[in-house]
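**Student:** coordinates for the following, if possible.
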Amino acid sequence: MIRPPGFPGVAFSTASDGDLRGNAFDRASVSVRLGVDEDWATVTQVHGSTVVLASAAGDHGQADAIFTTERGLPVAVLTADCLGVALIAEGAVGVAHAGWRGIAAGVVPTLIEAMREAGRPPVGAAIGPGIGPCCYEVGPEVVAEIPQSAATTAWDTESVDLVRAVRTQLEGLEVWESGECTLCSEGFHSHRRNRTPERMATIAWIT
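**Tutor:** Numbers count the residues shown, from 1 in each chain. The predicted structure follows:
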């Protein structure tokens, strides 16, 4: 489990925490350790920019970001190479699932704007583990979608830096980032490495 300093209501799970998409026991165990309800508010992720406001636990449909103003309600997105991004505000928290498609679609700024419109402007953001530019080989069509993140892999082919792309969308916020690559760092689920169906979670709750 990764607990970003200065973000008491945010957690990023790791592979050792289990499969937080498919295993109810693992999700319950993580919830107990965090001291939060084991019933989370989640979304069915589709690599887009739709944001939903949750007032109760459960699946809130097709979206890639979710926020809440309800104390005691954890919100979560699931990842295995894409970035999980958590936003904190006075009286609200939000989380976004940010792969290259979601970043290009603007899922993070859309979440920021939705929270602002709800009267809860974010003041800080935590960026969890995700595939790094060192390992994320992509084609030129992906680079063209998020050119501000163009990079090269460790073997000198085209890549994109997802964290850099997200940081450009977080101006004015206090930002923490894990800096861990889910493919070449130990201890993370990585879909690109082995097509695993297991997922890690980015979880946020109001403290």
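**Student:** hey, let's count contacts and neighbours off CA atoms from now on
**Tutor:** Will do.
**Student:** correct me, but residue 121 touches residue 112?
**Tutor:** Yes - contact criterion Cα atoms under 8 Å: residue 121 and residue 112 qualify, at 7.0 Å.
**Student:** settle it for me: which of these two has more neighbours?
**Tutor:** Higher neighbour count among residue 121 and residue 112: residue 112, with 24 against 19, using other Cα atoms under 10 Å.
**Student:** got the contact list for the more buried one?
**Tutor:** Residue 112 makes contact with 87, 121-122, according to Cα atoms under 8 Å, 6 or more residues apart in numbering.
**Student:** wait, which of the residues you listed is closest to residue 195?
**Tutor:** Taking Cα to Cα as the measure, residue 195 sits nearest to residue 87 out of the contacts of residue 112, at 28.5 Å.
**Student:** pLDDT score assigned to the closest one?
**Tutor:** The model reports residue 87 with a pLDDT of 98.
**Student:** pretty sure it sits against residue 127.
**Tutor:** No - the criterion here is Cα under 8 Å, and residue 87 misses it with residue 127 at 9.0 Å.
**Student:** those two - which one has more neighbours?
**Tutor:** Of the pair residue 87 and residue 127, residue 87 is the one with more neighbours under other Cα under 10 Å, namely 29 against 25.
**Student:** part of a strand, is that one?
**Tutor:** Yes - membership of residue 87 in a strand is supported by DSSP: H, G, I helix; E, B strand; the rest coil.
**Student:** what's the burial count for the closest residue to it other than its chain neighbours?
**Tutor:** Distances taken as Cα to Cα, 6 or more residues apart in numbering put residue 125 closest to residue 87, at 4.5 Å, once the chain neighbours are dropped. Residue 125 has 24 neighbours, counted by other Cα under 10 Å.
**Student:** what's whichever strand or helix holds residue 125 packed up against?
**Tutor:** Element membership of residue 125, judged by DSSP states H and E, is strand 124-127. Counting contacts by 3 or more Cα pairs under 8 Å, 6 or more residues apart in numbering; DSSP states H and E, strand 124-127 packs against strand 83-89, strand 174-177.
**Student:** quick check: bridge partners of the residue nearest the centre of the chain?
**Tutor:** Closest residue to the average C-alpha location of the chain: residue 84 at 1.1 Å, with Cα atoms, centre = their mean. Residues in a beta bridge with residue 84, per DSSP bridges, are residue 97.
**Student:** now residue 124: how far from residue 50?
**Tutor:** As judged by Cα to Cα, to the nearest Å, residue 124 and residue 50 stand 21 Å apart.
**Student:** start to end distance for stretch 73-82?
**Tutor:** Start-to-end, stretch 73-82 (Cα to Cα) is 23 Å.
**Student:** please read the previous query as pertaining to stretch 65-79.
**Tutor:** Taking Cα to Cα, stretch 65-79 runs 12 Å from one end to the other.
**Student:** all helices for this protein, in order.
**Tutor:** Assigned helices in the chain, in chain order: 24-34, 100-105, 107-117, 140-145, 162-167, 191-194 (criterion: DSSP state H).
**Student:** among these, which is nearest residue 203?
**Tutor:** Residue 203 lies closest to helix 24-34 among the helices of the chain, at 9.6 Å (Cα to Cα).
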